[in-house]
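Enquirer: Here is the input, now give the coordinates:
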Amino acid sequence: MLEKEKKLFEHITDQGERIRAKKRVTRDKDETIGFKEKEIYELKKKNQELEKFKFVLDYRIKELKKQIEPREREITEMKDKIKKIDSELEKYHSSNARLDSKIGDLRQELDDCQAKISKNAGILARSTQVVKSFQSKLHRAIQHVQNPAKLDAAMIDLRNAFVKHDVETKVTDKAVSAEFERQRQYLENTVTVLKSKSQALSDFNSKQNQKLMQENMELIADIKDLRQSIKNIRLTPLFDATPPGQSSSPAADGPVAPDRIRQLEEQAHEIAFLRKRIAETEQRQRSGGLVSRGRLPPMDGVDQVPTDNQIHVSEAALEIQPDDATAGQLPDRV
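Expert: Reported below is the predicted structural model:
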């Protein structure tokens, strides 16, 4: 019994130690768990902050993407433009290469032209010297104009000095000579005909001008006669003078006589006819281009042709009382 109790006591003691050890381990685990929970809490807090930061960053990323999209389109367009520019540059390079080759050819031609110019300049200088020498010798030869023998000798010296080869004279073709003579004869005939036509036209124009001047003088004489007629008509009194001491009112003297009315009508018609003739004459003078030798002098007291208002006879002013015999003979406006 004692041994069993002892064993049980030892066993209980061992189990107690083990329980204490487990408790220590459990406390350590609890502390570790608490520490881990604190870390988890802190990590959760950090995770929440990171989520918030992630949301902000996502929003900013979206905004940046919105800003990047047009930039990307611009970049794409710029790449296309760069490709086009590269193709144009390639064309320019090829054209530059062709132009370089052409410039080389032109430089070669320029060198050839310079060589020809220098050669021609030497020939021109020699020709100028020859011409000057010929001019000087010709001038000396001309001094012998009064002496035919010396002049002939000087001319022979000139020919021997400057003519190295005999000049061949070519015979002119007969057909060419005949055509030349025919053309010359035709031109001479044409000039003769044109001169005759010009003389005839000049004579006709002079006659026409004389005729126009004569018509102009006749028209001027007609205008003078017409103006004199108008002056006479205007100076003719329309009514008899009122005796002194009597009333000038037509109503007091009675109605105007029919003969007087007819006379007024005839004078008005004659004035209108003369004015019409003057207008026609002036129109003919303007349209025909006639130039008068001078301006007609104005009539005495009359500067211009009378108008309708100047020759108008008013029934109200005359106080005409037409009877049945004279009714309708005098118009309202002459």
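
Enquirer: When you work out contacts or count neighbours from here on, use the C-alpha atoms and nothing else.
Expert: Noted.

Enquirer: Check the secondary structure at residue 164 for me.
Expert: coil (DSSP: H, G, I helix; E, B strand; the rest coil).

Enquirer: quick one: it from residue 269, how far?
Expert: 103 Å (C-alpha to C-alpha, to the nearest Å).

Enquirer: who has more neighbours, these two?
Expert: The neighbour comparison of residue 164 against residue 269 (other C-alpha atoms under 10 Å) goes to residue 269, with 13 against 8.

Enquirer: what's the distance between that one and residue 230?
Expert: For residue 269, the distance to residue 230 equals 12 Å [C-alpha to C-alpha].

Enquirer: Kindly report the same for residue 220.
Expert: Counting by C-alpha to C-alpha, the gap from residue 220 to residue 230 is 15 Å.

Enquirer: do residue 206 as well
Expert: 36 Å.

Enquirer: Who has more neighbours out of these two?
Expert: Neighbour comparison, residue 206 and residue 230: the larger count goes to residue 230, with 21 against 12 (by other C-alpha under 10 Å).

Enquirer: Packing partners of the longest helix along the chain?
Expert: Determined from DSSP state H, the single longest helix within the chain is helix 2-142. Helices and strands touching helix 2-142, by 3 or more C-alpha pairs under 8 Å, 6 or more residues apart in numbering; DSSP states H and E, are helix 148-162.

Enquirer: Not counting the helix it packs on itself, show me its contacts.
Expert: Applying C-alpha atoms under 8 Å, 6 or more residues apart in numbering, the external contacts of helix 148-162 come out as 134, 137, 138, 141, 142, 144, 145.

Enquirer: What subset of those residues is buried?
Expert: In these, burial by neighbour count holds for 137, 141, counting by 16 or more other C-alpha atoms under 10 Å.

Enquirer: From the contacts of helix 148-162, which shows the smallest pLDDT?
Expert: Looking at the contacts of helix 148-162 by pLDDT, the weakest one is residue 145, with 78.

Enquirer: Identify the residue nearest it in space, chain neighbours excluded?
Expert: With sequence-adjacent residues excluded and distances taken as C-alpha to C-alpha, 6 or more residues apart in numbering, residue 145 is closest to residue 151, at 6.1 Å.

Enquirer: list the buried ones in stretch 155-165?
Expert: Buried residues in stretch 155-165, defined by neighbour count with 16+ other C-alpha under 10 Å: residue 155.

Enquirer: got the CA coordinates for that stretch in PDB?
Expert: Provided in PDB are the C-alpha atoms of stretch 155-165 (Å, rounded to 0.1, in the frame of the first residue of the first chain):
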ATOM      1  CA  MET A 155      44.400  97.800-151.500                       C
ATOM      2  CA  ILE A 156      46.500  95.000-153.000                       C
ATOM      3  CA  ASP A 157      48.700  95.100-149.900                       C
ATOM      4  CA  LEU A 158      45.700  94.800-147.700                       C
ATOM      5  CA  ARG A 159      44.400  91.800-149.600                       C
ATOM      6  CA  ASN A 160      47.700  90.100-149.600                       C
ATOM      7  CA  ALA A 161      48.100  90.700-145.800                       C
ATOM      8  CA  PHE A 162      44.700  89.700-144.600                       C
ATOM      9  CA  VAL A 163      43.100  87.400-147.300                       C
ATOM     10  CA  LYS A 164      44.800  84.000-147.000                       C
ATOM     11  CA  HIS A 165      42.300  82.000-149.100                       C
END
